[in-house]
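**Q** Coordinates for the following, if possible.
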Amino acid sequence: MEIAILYSTYINSASQIKNTAEAYFAQNKTHHSASILPITSGGRGFIDAMEAMPGTKTTRATTIARDRHSNPTETSYLISHDGKTACIECAKICGYDPGDNYCNPATTFTHGIGDVILDALSRNCRNFIIGIDGLATIDAGMGMLNALGYKMHNEAGNELQLYRGSEMLRVHSVTDSRNTALLKRCRFTIAHNDNAAFYAATGPAALYARQLGANEVTADILDNGLRNMASVYFHHNGRDVSYITAGGAGGAIAGAFASFFNAKLRPATSALPGTAQISKAMNNANAIIIISHSITPTTISSPAFASLMATAKKSNAPIYHITTHIQNAPMLEAMDVRNITPTDDPATELVKLLDHIVPKLADE
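**A** As a prediction, this is how the structure comes out:
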């Protein structure tokens, strides 16, 4: 009998959950075995998930990158064992912090993402896996592109002084970077958890600007700015980002990656090396336990979680959820998500659940 235990590395106690699960099956000598694997939404905990994926060998690299307020800060990312692939977690660099009173998606920056990419290029990385969930910015990747050497100009031909969301309406043209040829030879996989369009009602400004600290007026300015950036990017690269699925993810930085570097945009649960193990574990499982930070109707419908659930349901195994936050339980049940246990202590709750389901499986 096989039990698949999938735990989110977004949870603060993720390592404790993993250790608890391993200890449980080591101490309880049953004929059951467990696959204990990390899952991620592409936000906080993204590189932790890659480190925890069995069979994946990486090292941590540190560098100085600008944070969401453009202040130089030490950050880290992963480099694969062969030195060819960099795994970058954007939330570590310029992620949203609800405790930041100065956070506003129109005035925060994504330069730090470009800073880290440049550092990885200097270490001869040419493949990039970048998690973009949880950013504090809506700037269509302006800051990231500028850090990589791209320059944006207004209608008079003058370069912008600031590369942030509030300036998007002023952009008229783009000048390529001296790194353009090298960047276009690189491979970019963008791990997202959001199918937002580049602009309009299903774009990031309409959907998320207010959550990130903007008011109604600012949200409208940002949306109009994104419309302008779509036009600018089309005239520069010949690719219409308004038609790219998930092009608005990460404050529309996903669209910038797709437009400039032909990046592949993928749900975070399938973007990391080794994630095929997750599908295999669920396909072979007699019971599936998913431990996540939050279960809400929005969570369930997100690309990463929806992809995970679709695979889990194909196994026909019972699915159990442990979460630190639940919202609108009746709607979740209507969406066919059941067996949910909310708790402040996922590791302890996992042991209780295993004590409940392991004997049942043994009797089957």
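
**Q** Which residues are in contact with the residue positioned nearest the centre of the chain?
**A** Nearest residue to the geometric centre of the chain (C-alpha atoms, centre = their mean): residue 42, 1.8 Å. With contact set as C-beta atoms under 8 Å, 6 or more residues apart in numbering, residue 42 has these partners: 131-134, 191-193, 268, 271, 304. Any C-beta I mention is one placed from the backbone N, CA and C, and that applies to glycine too.

**Q** rerun that using 7 Å as the cut-off
**A** 131-133, 191-193, 268, 304 (C-beta atoms under 7 Å, 6 or more residues apart in numbering).

**Q** Is it part of a helix or strand, or is it coil?
**A** Per DSSP: H, G, I helix; E, B strand; the rest coil, the local secondary structure of residue 42 is coil.

**Q** can you pull up the bridge partners for the closest residue to residue 295 other than its chain neighbours?
**A** Spatial nearest neighbour of residue 295, chain neighbours left out: residue 323 (4.5 Å); criterion: C-beta to C-beta, 6 or more residues apart in numbering. Beta-bridge partners of residue 323, counted by DSSP bridges, are residue 292, residue 342.

**Q** Relative to residue 98, how far out is residue 323?
**A** Using C-beta to C-beta, to the nearest Å, residue 323 is found at 19 Å from residue 98.

**Q** can you point me to the longest helix in this structure?
**A** helix 216-237 (DSSP state H).

**Q** Distance from the chain centre to the very next helix or strand once past that helix, please.
**A** Once helix 216-237 ends, the next helix or strand along the chain (criterion: DSSP states H and E) is helix 249-261. Here the centre of helix 249-261 is set off from its chain's centre by 13 Å, with C-alpha atoms, centre = their mean, to the nearest Å.

**Q** what about helix 249-261, average pLDDT?
**A** Across helix 249-261, pLDDT averages out at 98.

**Q** Correct me if wrong: residue 195 contacts residue 247.
**A** No: assessed by C-beta atoms under 7 Å, residue 195 is found out of contact with residue 247, at 9.3 Å.

**Q** okay, those two: which has more neighbours?
**A** More neighbours surround residue 247 than the other of residue 195 and residue 247, with 32 against 17 (other C-beta atoms under 10 Å).

**Q** any idea how far the nearest residue to that one once chain neighbours are set aside is from residue 229?
**A** Spatial nearest neighbour of residue 247, chain neighbours left out: residue 255 (3.5 Å); criterion: C-beta to C-beta, 6+ apart. According to C-beta to C-beta, residue 255 stands 8 Å off from residue 229.

**Q** Find the residues that touch each one of these two.
**A** In contact with both residue 255 and residue 229: residue 140, using C-beta under 7 Å, 6+ apart.

**Q** What residues are bridge-paired with residue 60?
**A** residue 78.

**Q** I figured it was touching residue 75, is that so?
**A** No: Residue 60 is beyond contact range of residue 75, at 10.4 Å (criterion: C-beta under 7 Å).

**Q** Comparing these two, which residue is more hemmed in?
**A** residue 75 (21 against 10).

**Q** Now the helix or strand where the more buried one lies: buried residues?
**A** If you go by DSSP H and E, residue 75 is part of strand 72-80. Using 16 or more other C-beta atoms under 10 Å as the test for burial, strand 72-80 gives 73, 75, 77-80.

**Q** Same check on stretch 331-349?
**A** For stretch 331-349, by 16+ other C-beta under 10 Å, it's 332, 337, 340-343, 346-347, 349.

**Q** Quick check: residue 174 touching residue 154?
**A** No: in this structure residue 174 lies outside contact range of residue 154 using C-beta under 7 Å: 11.6 Å.

**Q** higher neighbour count, these two?
**A** Taking other C-beta under 10 Å, residue 174 and residue 154 do not tie; residue 174 has more neighbours (20 against 15).

**Q** Any figure for the gap between the closest residue to the more buried one other than its chain neighbours and residue 188?
**A** Nearest in space to residue 174, with sequence neighbours left out and distances taken as C-beta to C-beta, 6+ apart, is residue 236 at 4.6 Å. Noted for residue 236: a distance of 17 Å to residue 188, by C-beta to C-beta.

**Q** neighbour-wise, which of those two wins?
**A** residue 188 (19 against 16).

**Q** okay, that one: pLDDT?
**A** On the pLDDT scale, residue 188 gets 98.

**Q** partners of the one helix or strand it maps to, with directions?
**A** Residue 188 belongs to strand 187-192 when assigned by DSSP H and E. Partners of strand 187-192 in the sheet, by DSSP bridges, are strand 127-131 (parallel), strand 264-267 (parallel).

**Q** The longest one vs strand 72-80, what angle?
**A** Strand 127-131 and strand 72-80 meet at an angle of 120 degrees, taking axes from the mean of the first three to the mean of the last three C-alpha atoms, to 10 degrees as the criterion.

**Q** Pull the distance from strand 127-131 to the chain's centre.
**A** 10 Å.

**Q** counting contacts, what elements does the very next helix or strand once past it pack onto?
**A** Next along the chain after strand 127-131, taking DSSP H and E as the criterion, comes helix 142-147. Helix 142-147 sits against helix 111-122, helix 249-261, with contacts defined as 3 or more C-beta pairs under 7 Å, 6 or more residues apart in numbering; DSSP states H and E.

**Q** Check those for me and report the most buried one.
**A** Among these, helix 249-261 has the highest mean neighbour count (mean count of other C-beta atoms under 10 Å), at a mean of 30.

**Q** That one packs against which elements?
**A** helix 142-147, strand 187-192, helix 216-237, strand 264-267.

**Q** Next, the contact list for the closest residue in space to residue 303 that isn't next to it in sequence, please.
**A** Leaving aside its chain neighbours, residue 303 sits nearest to residue 267 (4.0 Å; criterion: C-beta to C-beta, 6+ apart). Applying C-beta under 7 Å, 6+ apart to residue 267 gives the contacts 192-193, 303-304, 307.
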